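[1] Pasted the sequence and its predicted model underneath.
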Amino acid sequence: MTRIILCGCCGKMGHFITQLVSERTDCEIVAGVDLNVNAQTASYPAYTSIDQVAEAADVIIDFSHPSLLTPILHYAAEKGGIPAVLCTTGYTAEQTAELTKASETQPIFYSRNMSLGINLMLELAKKAAKVLGDQFDIEIVEKHHNQKIDAPSGTALMLADALASVRDGETQYMYDRHAQRKKREKSEIGIHSVRGGTIVGEHEVIFAGNNEVITLSHSAQSKELFAVGAVNAAVFMSGKGPGLYDMSALV
Ligand SMILES: NC(=O)C1=CN([C@@H]2O[C@H](COP(=O)(O)OP(=O)(O)OC[C@H]3O[C@@H](n4cnc5c(N)ncnc54)[C@H](OP(=O)(O)O)[C@@H]3O)[C@@H](O)[C@H]2O)C=CC1
Ligand SMILES: O=C(O)C1=N[C@H](C(=O)O)C[C@H](O)C1
């Protein structure tokens, strides 16, 4: 039985994880953490700070806010290296370096998208970028609900990072184009955000060439999708040693 501390337990993803874990027999939530503790967590104790959690646990799942990263890493280290499944997006470059450094001594699972489909799309996009080379311009479009704080989405950046890693030469990310009055450079990857309504999460990678366009797209149809990925990652991470893990470990 994997014992989970759930950070962000009263948020939207906290709701889906709480529901999913209550239906599974291989894991349980032993404590929640949220600034905004509410009745949603009736089935487990909830605290406003991770430092208040005294319940023994095997893994931490985080869907909260970048400001909780350092407290989670410190708590996990103090408790002897509890694995952390980090699903929050919007980390700065310094925070990404912080979690990468921590993974040298702690088990860290980090993915900006917990769906298997997006992680397949990542591989397909890398393959397309290698085959198409600089003959095709790459643009990424992401669409999310009107409650999302960070832009562009973590997934859009994850896709861009993967594409940049297989391209020749330097890549510049071009966020929207409203401030630009010049032609597009070959070295750019354009990244564009749309926010509205209850859109769960849509991502498109557009390869635009001479007289032809290839589009890879993924549409998340329920946040439950991400909850399933995160809980599977938590069960997988229980008992794991130091390292930086991602969704490729689950396929
Ligand atoms: N990797 C993935 O597949 C996915 C990642 N996400 C990411 O997960 C994160 C959460 O998403 P979502 O559930 O929709 O967001 P919500 O805003 O609905 O939930 C976040 C919760 O965390 C709380 N919180 C914020 N800061 C802290 C803090 N310092 N300590 C404790 N609790 C805190 C919030 O409280 P309050 O409201 O009071 O601020 C809120 O209850 C986002 O970064 C999102 O992008 C989401 C879906 C999938
Ligand atoms: O905030 C969300 O909702 C989501 N965030 C992640 C992101 O920023 O990519 C993953 C998913 O698209 C939903």
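    Thanks, I have the structure now. On a predicted model such as this, the values are computed, not experimentally measured, just so you know. Ligands and ions are numbered 1, 2, ... in the order given.
[2] any low-confidence regions in the protein?
    39-40 (pLDDT under 70).
[3] Go through it and flag its longest helix.
    Longest helix in the chain by number of residues (criterion: DSSP state H): helix 116-132.
[4] Could you list every helix and strand in contact with it?
    helix 154-166, strand 201-209, strand 212-220 (3 or more Cβ pairs under 8 Å, 6 or more residues apart in numbering; DSSP states H and E). The C-beta positions use only the backbone N, C-alpha and C, and glycine is treated the same way.
[5] Check which helices and strands the first one sits against.
    Using 3+ Cβ pairs under 8 Å, 6+ apart, the elements in contact with helix 154-166 are helix 116-132, strand 137-144, strand 188-195, strand 201-209.
[6] Spell out which strands sit alongside the last one in the sheet and which way each one runs.
    In the sheet containing strand 201-209, the strands it pairs with under DSSP bridges are strand 137-144 (antiparallel), strand 212-220 (antiparallel).
[7] Ligand 1 contacts on the stretch 1-150 of the chain?
    Counting by Cβ under 6 Å from any ligand atom, the stretch 1-150 of the chain comes close to ligand 1 at 8, 10-14, 33-36, 63-65, 67-68, 87-90, 111-114, 150.
[8] now the residues you listed: which count as buried?
    Using 16 or more other Cβ atoms under 10 Å as the burial test, those include 8, 10-11, 13-14, 33-34, 63-65, 68, 87-90, 111-114, 150 as buried.
[9] so which of the residues you listed also contact ligand 2?
    Among those, ligand 2 is touched by Thr89, Arg112, Asn113 when using Cβ under 6 Å from any ligand atom.
[10] in terms of contact, does the second one touch Ala160 like I think?
    No - shown here, Arg112 and Ala160 do not form a contact pair, counting by Cβ atoms under 8 Å, at 10.8 Å.
[11] Please identify every residue contacting each of those two.
    Residues touching both Arg112 and Ala160 (Cβ atoms under 8 Å, 6 or more residues apart in numbering): none.
[12] How about the residues of the stretch 51-200 of the chain by ligand 2?
    Applying Cβ under 6 Å from any ligand atom, we find that the stretch 51-200 of the chain lies next to ligand 2 at Thr89, Arg112, Asn113, His144, Lys148, Ser153, Gly154, Thr155.
[13] List the residues that contact the second one.
    By Cβ under 8 Å, 6+ apart, the residues touching Arg112 are Cys87, Thr89, Ser153, Gly154, Thr155, Leu157, Met158.
[14] which one is it nearest to, not counting chain neighbours?
    Ranked by Cβ to Cβ, 6 or more residues apart in numbering and with sequence neighbours excluded, the top spatial neighbour of Arg112 is Gly154, at 3.1 Å.
[15] what's around that neighbour, how many residues?
    Using other Cβ atoms under 10 Å, Gly154 is surrounded by 18 other residues.
[16] Could I get the contacting residues of it?
    Thr89, Gly90, Tyr91, Arg112, Asn113.
[17] Using JSON lines, please lay out those together with distance to Ala102 and secondary structure.
    Formatted as JSON lines, those follow (distance: Cβ to Cβ, whole Å; DSSP: H, G, I helix; E, B strand; the rest coil):
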{"residue": "Thr89", "distance to Ala102": "18", "secondary structure": "coil"}
{"residue": "Gly90", "distance to Ala102": "18", "secondary structure": "coil"}
{"residue": "Tyr91", "distance to Ala102": "12", "secondary structure": "coil"}
{"residue": "Arg112", "distance to Ala102": "17", "secondary structure": "coil"}
{"residue": "Asn113", "distance to Ala102": "21", "secondary structure": "coil"}
